[in-house]
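Asker: okay, predicted coordinates and the sequence, questions at the end:
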Amino acid sequence: MSRRGASSITANPVLIGAATTLVVIVAVFLAYNANNGLPFVPTYELRADVPSATNLVKGNEVRVGGARVGVIDEITPRRHDDGSVTALLSMKLETSIKPLPKDSKILVRSRSALGLKYVEISPGARRTRDGRAAPGFESGATVPLRNATPEPVEIDQVLNTFDQPTRAASQANLREFGNAFAGRGRDLNYAIEALDPLLRDLIPVMRNLAAPETRLSRFFAELGDAAAIVAPAAETQAQLFINLDITMTALAGVARPFIQDSISGAPSALDAAVRSFRIQRPFLANTEGLFRELRPGVRAFRRAAPILADALRVGTPTLIRLQDLNRRLKPLFGAIDRFATDPQVPLGIRGLTSTARILNPTVADLTPVQTVCNYMTLWFRNVSSLLSEGDANGTWQRFIIIATPSGPNNEGGPSSAPANGPSADNYLHTNPYPNTASPGQVRECEAANEPFLAGRRVIGNVPGNQGTLHDQTTRSLR
């Protein structure tokens with residue numbers, strides 16, 4: 001009878017239709033509530049106070065280490081006593097992360113560039129330093145606003161930093177730097193070569209700084225304490241810059257052409273002085289003897305006193321007009337006096353001295369890069385010729401793609417070994433550290449001068465000496 005009863009049930013279309021309808025209703029119900037968690041599954045409910053819930057909607061994911069651990073159940077605004085408004089997120093989480101340590105961090109992050117977001121939880125330590133279990137949030141607790149750190153940075157904020165004034169300023173800086181170095185390769189070579197003796201002690205300095213006895217880590221802590229000590233003098237330092245502004249404003253009135261002409265003519269004047277002072281020494285010695293012999297005659301100037309008095313009367317109006325200049329110079333000398341007596345100035349000078357001493361070996365190693373091969377001047381010359389276009393979203397560089405050679409392990413795609421034929425062009429040529437006449441290297445300007453050895457694989461320096469001739473390199477630069 002049981003078999004006949006079972007057969008009668010499966011043969012009943014009404015019961016089969018009812019069972020099918022029930023299954024469909026349950027499936028639709030589960031799919032509709034999937035974002036809110038499956039029914040009859042226990043959850044760990046938490047609330048979190050965050051600064052902003054922009055583009056965050058109900059049903060968005062909550063993740064820990066990139067894995068989904070829950071969903072957002074509700075988002076409500078929350079007004080504080082100081083008038084500020086934050087967002088209160090109600091979250092349904094898996095019980096596997098319960099309890100969440102109280103030092104955990106909550107951050108609203110972007111999931112894509114289209115604006116989709118999710119909540120990222122960075123759990124804190126579950127154990128204290130003495131091995132005990134760290135306190136955690138109970139179910140239904142609220143994660144405070146101080147745990148919502150760091151503040152997220154949106155993609156539009158990053159793009160908005162490169163607005164039209166910023167792009168124009170960057171272009172102006174690049175153009176002016178290029179113009180500043182153009183045609184001044186020899187002077188730059190002399191400057192770098194003159195810095196060579198100043199930067200020779202980097203290795204012993206670094207050893208001293210790295211030594212445990214130096215206790216460099218305490219330096220930064222003490223530096224913070226020093227900054228806190230000098231903080232009350234911030235107003236005095238601000239006044240120094242105000243006075244400097246007054247001084248520079250006064251000098252701006254005579255900057256062109258007077259100060260400009262003085263600076264422009266100073267090098268030639270100093271060169272002339274160096275050449276002429278040696279010749280003038282006999283003349284000055286003879287002049288001293290002449291005035292010694294003229295002392296008796298000076299007594300006769302008493303008869304010329306009226307004439308000198310007339311000269312003084314003529315010069316008096318000129319001296320009166322100098323009072324205005326003296327008043328304008330008074331703030332300058334006051335500012336210079338305060339600067340000279342500032343106790344922070346010797347610290348800055350000592351810091352600059354240490355910086356120069358540290359950089360000495362680096363500049364000594366890089367000096368031939370410019371003095372022999374002229375690479376720095378060529379770089380600034382070439383980078384000023386780059387072409388770029390842009391719009392409100394940013395700027396991009398225009399370039400042309402050069403086709404790579406064909407064959408196994410070519411440079412156009414993944415390879416298992418350096419390219420080595422069979423075609424004449426499919427040979428790897430790479431030189432990550434070309435010779436630039438630096439200490440320990442061959443005296444040659446190898447970068448951009450290496451010959452292409454067809455049919456050969458070359459990794460490293462090319463055999464032979466390529467010489468020091470380079471684009472825009474003259475014999476004076478070598």
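Answerer: Cool, got the structure. Numbers count the residues shown, from 1 in each chain.
Asker: Leu56 and Val108 touch, don't they?
Answerer: Yes - look at Leu56 against Val108 with CB atoms under 8 Å: they come within range, at 6.0 Å. The C-beta positions use only the backbone N, C-alpha and C, and glycine is treated the same way.
Asker: give me phi/psi at Asn420?
Answerer: When read as degrees, to the nearest 10, the backbone of Asn420 gives phi -150, psi 60.
Asker: which residues of the stretch 251-400 of the chain fall in strands?
Answerer: Per DSSP state E, counting those that start in this stretch, the stretch 251-400 of the chain carries strands over the ranges 388-391, 394-397.
Asker: JSON lines please, covering the ones you listed and showing distance to Val230 and mean pLDDT.
Answerer: Shown next, in JSON lines, are the strands of the stretch 251-400 of the chain (distance: least, CB to CB, whole Å; pLDDT from 0 to 100):
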{"stretch": "strand 388-391", "distance to Val230": "43", "mean pLDDT": "75"}
{"stretch": "strand 394-397", "distance to Val230": "41", "mean pLDDT": "75"}
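Asker: tabulate the ones you listed in a markdown table, adding columns for distance to Asn326 and mean neighbour count.
Answerer: Below are the strands of the stretch 251-400 of the chain laid out as a markdown table (distance: least, CB to CB, whole Å; neighbours: other CB atoms under 10 Å):
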| stretch | distance to Asn326 | mean neighbour count |
| --- | --- | --- |
| strand 388-391 | 52 | 10 |
| strand 394-397 | 51 | 11 |
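Asker: tabulate those strands (JSON lines), appending distance to Phe162.
Answerer: Shown next, in JSON lines, are the strands of the stretch 251-400 of the chain (distance: least, CB to CB, whole Å):
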{"stretch": "strand 388-391", "distance to Phe162": "8"}
{"stretch": "strand 394-397", "distance to Phe162": "5"}
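Asker: out of these, nearest to Ser112?
Answerer: strand 394-397 (18.6 Å; CB to CB).
Asker: hmm, who's touching the closest one?
Answerer: Under the criterion CB atoms under 8 Å, 6 or more residues apart in numbering, residues Leu159, Phe162, Arg167, Leu386, Leu387, Ser388, Glu389, Gly390 lie in contact with strand 394-397.
Asker: how about stretch 336-345: buried residues?
Answerer: Residues Arg338 are the ones in stretch 336-345 that count as buried (16 or more other CB atoms under 10 Å).
Asker: I should have written stretch 172-185 there, sorry.
Answerer: Neighbour-count burial for stretch 172-185, counted by 16+ other CB under 10 Å, picks out Gly178, Phe181, Gly185.
Asker: state the mean pLDDT of that stretch.
Answerer: Per-region confidence: stretch 172-185 scores 82 on mean pLDDT.
Asker: starting at the chain centroid, how far to it?
Answerer: Relative to its chain's centre, stretch 172-185 lies at 21 Å (CA atoms, centre = their mean, to the nearest Å).
Asker: name the residues that touch it?
Answerer: With contacts defined as CB under 8 Å, 6+ apart, stretch 172-185 is touched by Leu188, Gln370, Asn374, Met376, Thr377, Phe380, Arg381, Val383, Ser384, Gln472, Leu477.
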